[in-house]
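Engineer: Generate a structure from the sequence data that follows.
(one chain, ligands or ions: 1)
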Amino acid sequence: MMIESSQKTNNNFLTNSDKLILSELAEGIANYYFYNGAVNPEVIASENNISYSYGNYKDSFDGMIECFNKDFHIYINIDRLEHAYTERARFTFAHELGHFFIDEQRNALLLGLSPSHSCFTDFSSKNYAERQADYFASCLLLPQNKIETDCLKRKFSFQLISELSKKYQVSLTATAIRFTIIGNYPIMVVYSVGGKISWYCYSKDFPYWSLRHGKIKIPENTVAGDYFYNQVTSKSTQEVFASDWFDNVFESHTRRKFNEHCVFGTKSILSIIWEG
Ligand SMILES: [Zn+2]
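Structural biologist: Okay, here's the model as predicted:
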């Protein structure tokens, strides 16, 4: 498997070829072990002779994978993830499996190039290898065939992302990202931390590809911008115009109507944007 440099950090999320490779890898594993039922990362670990444990490690990591004498062990930090059965613990477990199943990363662990690997998961890290493992986790836990059935004849709204997130016990961030690839309506997802855009991604048929102020600065007249610049928190879906968020908007399309729904984390904001 050819995966691009693991040292790269950028705001371009992941390359299209990496997304394709990672989704095929994860879906193959999900279908092999759980063709009909819900995916259980613990079972995948056991079937691959990966041991695991849940422990209290304060703030040092969400999860970690370690390779010792060619044996792999996954640590899940319940201090940060509450307990073993939260959606974040489940996602972190799937993320650690990504480091094992992505050839380049497993080989680095086996060769002792990175004998242990501390992770902060759910698309919060700017490290490319972490983002790859996060993406693998979202594909593993949100199988395409099941999501497509769930979305049939559904009109898009934030409620749909919320329902899928609850049903598959995966965060809203991971669910929204997955929706850009396999959902039935074009959306854009923008993730900001501390007033700056960390990354954004969008469905291939979303009408705009570039943001008003480029890849870092949040545009002012948006729901995310209102929070950063005016300390206004809108928890419901709000209407925005094409020219509020996007660059390269035809003059006749500046008032084209979009919706933005923000999810506010402790440090982050996830903006989900769709036309309508
Ligand atoms: Zn990781």
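Engineer: CA only for contacts and neighbour counts going forward, please
Structural biologist: Fine.
Engineer: Distance-wise, check His253 relative to Glu27.
Structural biologist: 39 Å (CA to CA, to the nearest Å).
Engineer: tell me the SS of the closest residue to the ion within the stretch 151-276 of the chain?
Structural biologist: Taking CA to the ion, the ion has its nearest neighbour within the stretch 151-276 of the chain at Ala174, 14.7 Å off. Assigned with DSSP: H, G, I helix; E, B strand; the rest coil, Ala174 falls in the helix class.
Engineer: Counting neighbours, what do you get for the closest residue to it other than its chain neighbours?
Structural biologist: Distance criterion CA to CA, 6 or more residues apart in numbering; nearest residue to Ala174, sequence neighbours excluded, is Ser138 at 5.6 Å. Ser138 is flanked by 27 other residues according to other CA atoms under 10 Å.
Engineer: ok now do Gly55, which residues does it touch?
Structural biologist: 75-79 (CA atoms under 8 Å, 6 or more residues apart in numbering).
Engineer: and it, what pLDDT?
Structural biologist: Predicted confidence (pLDDT) at Gly55: the value is 93.
Engineer: cool, and Asn40?
Structural biologist: Here the pLDDT value assigned to Asn40 is 94.
Engineer: what about it, how many neighbours?
Structural biologist: 16.
Engineer: same question, the one 5 residues further on
Structural biologist: Residue crowding around Ala45 was assessed by other CA under 10 Å; the count is 20.
Engineer: Please identify the buried residues of stretch 236-254?
Structural biologist: By neighbour count on 16 or more other CA atoms under 10 Å, the buried set for stretch 236-254 is 237, 239-247, 249.
Engineer: which other residues reach that stretch?
Structural biologist: Contact partners of stretch 236-254, identified using CA under 8 Å, 6+ apart, comprise 158, 208-214, 219-223, 255-262.
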